[in-house]
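Peer 1: Quick one, structure for this:
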Amino acid sequence: MLKLIKELKKKGKIVLAKKVKKVMAEGWEDLPKGWTKDSARKFWDSLTGDRKHKITQCMKKLEGTGIVDTGAFCSSLARLVGYEE
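Peer 2: Sure, this is the predicted structure:
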């Protein structure tokens, strides 16, 4: 999804890029019950470890878990915890 946003910006579609980014961010607007930013960070770390490509690693770990779009999920989680590739 981050690549999509970058591509939209590159093509001059800034407003659309902002809308996509907002939709992705709203997925974590309300953390699951009992979660904090710290627990979200621990979850992120458990999915990614010390890998170079953390979002890709997150997606691999979540395959088969029932999350339909692991890329969007991992990208939004990465943003929540402050990770940028």
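
Peer 1: need the helix or strand of this structure with the lowest average pLDDT.
Peer 2: The least trusted helix or strand in the chain, going by mean pLDDT, DSSP states H and E, turns out to be helix 14-26, with a mean of 69.

Peer 1: Off-centre distance for the helix or strand following that helix?
Peer 2: Going down the chain from helix 14-26, the next helix or strand is helix 37-48, by DSSP states H and E. Between the mean C-alpha location of helix 37-48 and the chain-wide mean there is a distance of 12 Å, by CA atoms, centre = their mean, to the nearest Å.

Peer 1: Please point out which parts of helix 37-48 sit buried.
Peer 2: By neighbour count with 16 or more other CB atoms under 10 Å, helix 37-48 contains the buried residues 40, 43, 44, 47, 48. The way it works is simple: take the backbone N, C-alpha and C, and place the C-beta from them, glycine included.

Peer 1: and what of stretch 57-65?
Peer 2: Taking 16+ other CB under 10 Å as the criterion, stretch 57-65 shows 57, 58, 59, 62 as buried.

Peer 1: what's near enough to touch the third one?
Peer 2: With contacts defined as CB atoms under 8 Å, 6 or more residues apart in numbering, the neighbours of residue 59 are 70, 71, 74.
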